[in-house]
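J.: Structure for this input, please:
(one chain, ligands or ions: 1)
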Amino acid sequence: MHLRRLATHIEVLAPAKINLFLEVLAKRSDGYHELETLLVAVTICDTLLFESHSGDEISLNCRWGRGYSAAELARARQFDAAGEAIFGEIPVGPENLVWRAIARLREAAGVKRGATVWLIKRIPAAAGLGGASTDAAAALLAANEAWKLHWPLHRLVELAAELGSDVPFFLTRGAAVCRGRGEQMEPLGVPRLHLVVVRPPVGLSTPEVFRGCQPASGPVASTGIVAALARGETAAAGKRLRNGLQAAAASLTPWIATLQDEFQRQGLLGHQMSGSGSSYFGLCHTARLARRIAARLGGRRMGAAYAATAAAN
Ligand code: C5P
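T.: Below is the predicted model:
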């Protein structure tokens with residue numbers, strides 16, 4: 001598992017996700033959109049450390065992982081001002097979903113203790129990679145363990161869904177087709193996938209992208225890509241990537257079209273935006289190729305480029 005009990009605290013690895021498929025089916029009366037989406041956890045990870053204490057304060061300490069801070073990237077000449085835009089300040093109060101996740105679980109479980117949390121970030125924000133959601137899910141898993149609550153997964157899933165549509169997925173990770181507003185999960189197996197992921201210097205706001213999207217008039221089902229993955233046919237899966245939010249995101253920033261052009265030239269099995277953007281990913285034949293393309297794109301000042309693997313659970 002991704003959870004380790006250390007002498008004084010609990011450590012949880014919190015993976016990012018990408019959406020291999022996302023279809024917007026309808027706009028709902030509660031303001032959300034009905035979705036069918038295929039999520040896979042990837043090896044770009046934050047680390048969360050959770051320590052319970054007898055006080056009642058929830059305190060959060062955040063920093064970018066080594067090599068990820070805007071200052072370090074500027075020194076390495078990898079970015080100029082763009083570094084600040086990608087790896088900027090992280091909120092540490094109730095604006096951070098980790099803080100809200102812990103407060104909500106503490107209230108629901110009637111816990112009388114507080115917590116100190118250290119969060120080491122590597123997943124860029126406003127990227128469609130689920131950074132805030134995975135940190136919140138990691139906090140729920142850590143608190144459940146540290147406070148010895150023994151909540152079963154289905155109870156944590158219910159609470160996670162109140163925090164955000166993607167949070168339940170990160171309690172189980174792996175790969176899943178998610179429906180409803182994203183909180184209804186159907187786990188599935190996928191072969192090892194090699195990816196290159198780029199977060200451009202401009203991030204996107206999820207509500208804003210959803211506001212500009214149009215539900216599909218003739219929606220495609222995820223069954224085609226799910227079947228290709230079940231057969232281990234990565235190239236066939238690459239041809240069936242889909243993201244119904246990409247057009248709305250592309251109307252908010254030119255970076256989506258720029259990345260699409262750039263990825264088109266890289267000889268990938270398929271490529272598209274992840275979630276509500278702004279990050280963009282491509283599916284590669286091999287890990288080596290993914291590393292090579294990530295280095296090439298990173299060197300062109302297109303943003304933060306990562307080589308990653310879809311994480312087997
Ligand atoms: O659930 P979450 O808090 O992550 O969603 C953020 C925002 O994204 C929502 O307030 C809504 O505007 C939009 N959203 C949506 N349909 C979904 C998921 C999110 O419209 N299925």
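
J.: okay, CA-based contacts and neighbour counts for the rest of this
T.: Will do.

J.: helices and strands of the protein: which one bottoms out on pLDDT?
T.: Least confident helix or strand, the chain: helix 70-75 with a mean of 58, by mean pLDDT, DSSP states H and E.

J.: For the longest strand anywhere in the chain, buried residues please.
T.: Longest strand of the chain, by residue count under DSSP state E: strand 33-53. Judged by neighbour count (16 or more other CA atoms under 10 Å), strand 33-53 contains these buried residues: 33-52.

J.: That one: what's the following helix or strand?
T.: strand 58-64 (DSSP states H and E).

J.: and that next one, which residues are buried?
T.: For strand 58-64, burial by neighbour count (16+ other CA under 10 Å) applies to 58, 60, 63-64.

J.: now, which of those residues lie close to the ligand?
T.: Counting by CA under 6 Å from any ligand atom, nothing from the buried residues of strand 58-64 sits close to the ligand.

J.: Just send these back as CSV, with pLDDT too.
T.: Shown next, in CSV, are the buried residues of strand 58-64 (pLDDT from 0 to 100):
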residue, pLDDT
I58, 97
L60, 97
R63, 91
W64, 90
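
J.: For the ligand, state which of those is nearest.
T.: Of all the buried residues of strand 58-64, the ligand sits closest to L60, with 20.3 Å by CA to the nearest ligand atom.

J.: Tell me the residues on the stretch 51-200 of the chain that lie near the ligand, please.
T.: 164-165, 181-182.

J.: looking at the residues you listed, which has the most residues close by?
T.: Among those, the one with the most neighbours (other CA atoms under 10 Å) is G182, at 23 neighbours.

J.: give the contact list for that one.
T.: 34-37, 165-166 (CA atoms under 8 Å, 6 or more residues apart in numbering).

J.: 7 Å instead?
T.: 35, 165-166 (CA atoms under 7 Å, 6 or more residues apart in numbering).

J.: The nearest residue to A175 once chain neighbours are set aside bridge partners, please.
T.: Distances taken as CA to CA, 6 or more residues apart in numbering put V40 closest to A175, at 4.3 Å, once the chain neighbours are dropped. Assessed by DSSP bridges, V40 has beta-bridge partners I18, A175.

J.: just the helices in this protein please.
T.: 70-75, 81-86, 97-109, 131-146, 153-163, 169-172, 206-211, 223-230, 234-239, 246-250, 255-264, 287-298 (DSSP state H).

J.: now, of those helices, which is deepest in the fold?
T.: Using mean count of other CA atoms under 10 Å, the stretch among the helices of the chain with the largest mean neighbour count is helix 131-146, at a mean of 26.

J.: avg pLDDT for that helix?
T.: For helix 131-146, mean pLDDT is 98.

J.: how far out from the middle of the chain is stretch 211-218?
T.: 22 Å (CA atoms, centre = their mean, to the nearest Å).

J.: what's in contact with it?
T.: The contact list for stretch 211-218 (CA under 7 Å, 6+ apart) reads 24-27, 245, 248.

J.: Going through the residues you listed, which ones are buried?
T.: Neighbour-count burial (16+ other CA under 10 Å) applied to the contacts of stretch 211-218 gives 24-27, 245, 248.

J.: Let me have those in TSV, extended by distance to the ligand and pLDDT.
T.: Shown next, in TSV, are these (distance: CA to the nearest ligand atom, whole Å; pLDDT from 0 to 100):
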residue	distance to the ligand	pLDDT
V24	8	98
L25	10	98
A26	9	97
K27	7	97
L245	11	98
A248	12	98
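
J.: Please identify which of those residues is nearest to A308.
T.: Comparing the buried ones among the contacts of stretch 211-218 against A308 with CA to CA places L245 closest, at 22.5 Å.
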